[in-house]
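Asker: What follows is a protein structure lacking sequence information:
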């Protein structure tokens, strides 16, 4: 399961609203198939990420991994965006930001690979 986080300035109320919307989209994907691993494509660190991961665990996601958790060699560090994109391409379900060109490229690759359109979600 993948989720693309957009880095931007957030007020506390805005972050809470986004978290609720994200969880709703993730639940919709989980109802369609058994999902148990969440991979977050993000370089976000700090309190907001910790709160999001806590909310995901509370919602039943036991395994949560982020881009920051990957152990990459020097070549991997230089190509980490492509690595994230390939993980997203192969995921059972992908949830992305509809305004993101990164999300658009992932969705294109997923559809070309024959993934079901229902496996693509936007938040």
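Answerer: Nice, I can see it. Quantities reported herein were computed from a predicted structural model and do not represent experimental measurements.

Asker: Let me know the average pLDDT across stretch 74-81.
Answerer: Regarding stretch 74-81, the rounded mean pLDDT is 91.

Asker: So which bits of stretch 83-94 are buried?
Answerer: Under the neighbour-count criterion of 16 or more other Cβ atoms under 10 Å, stretch 83-94 has 84, 85, 87, 88, 89, 91, 92, 93, 94 buried. In this view, the C-beta of every residue, glycine as well, is placed from N, C-alpha and C.

Asker: Filter those residues down to just the ones in strands.
Answerer: Using DSSP state E, the subset of the buried residues of stretch 83-94 located in strands is residue 94.

Asker: can I get the buried residues of stretch 83-94 in TSV with pLDDT?
Answerer: Shown next, in TSV, are the buried residues of stretch 83-94 (pLDDT from 0 to 100):
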residue	pLDDT
84	93
85	94
87	94
88	94
89	95
91	93
92	90
93	90
94	91
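
Asker: So which of the buried residues of stretch 83-94 belong to helices?
Answerer: Residues of the buried residues of stretch 83-94 located in helices (DSSP state H): 84, 85, 87, 88, 89.

Asker: Columns distance to residue 109 on top of these, output as TSV?
Answerer: Below are those laid out as TSV (distance: Cβ to Cβ, whole Å):
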residue	distance to residue 109
84	12
85	7
87	11
88	8
89	5
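
Asker: hey, where'd the strands end up in the chain?
Answerer: So, for the chain - with DSSP E - the strands run 2-4, 37-41, 63-66, 94-96, 120-122.

Asker: buried stuff in the second one?
Answerer: Of the residues in strand 37-41, those with enough neighbours to count as buried (16+ other Cβ under 10 Å) are 38, 39, 40, 41.

Asker: Could you check how far the residue of the chain positioned farthest from its centre is from residue 80?
Answerer: Distance from the C-alpha centroid of the chain, by Cα atoms, centre = their mean, peaks at residue 74 (23.9 Å). Note on residue 74: its distance to residue 80, by Cβ to Cβ, to the nearest Å, is 11 Å.
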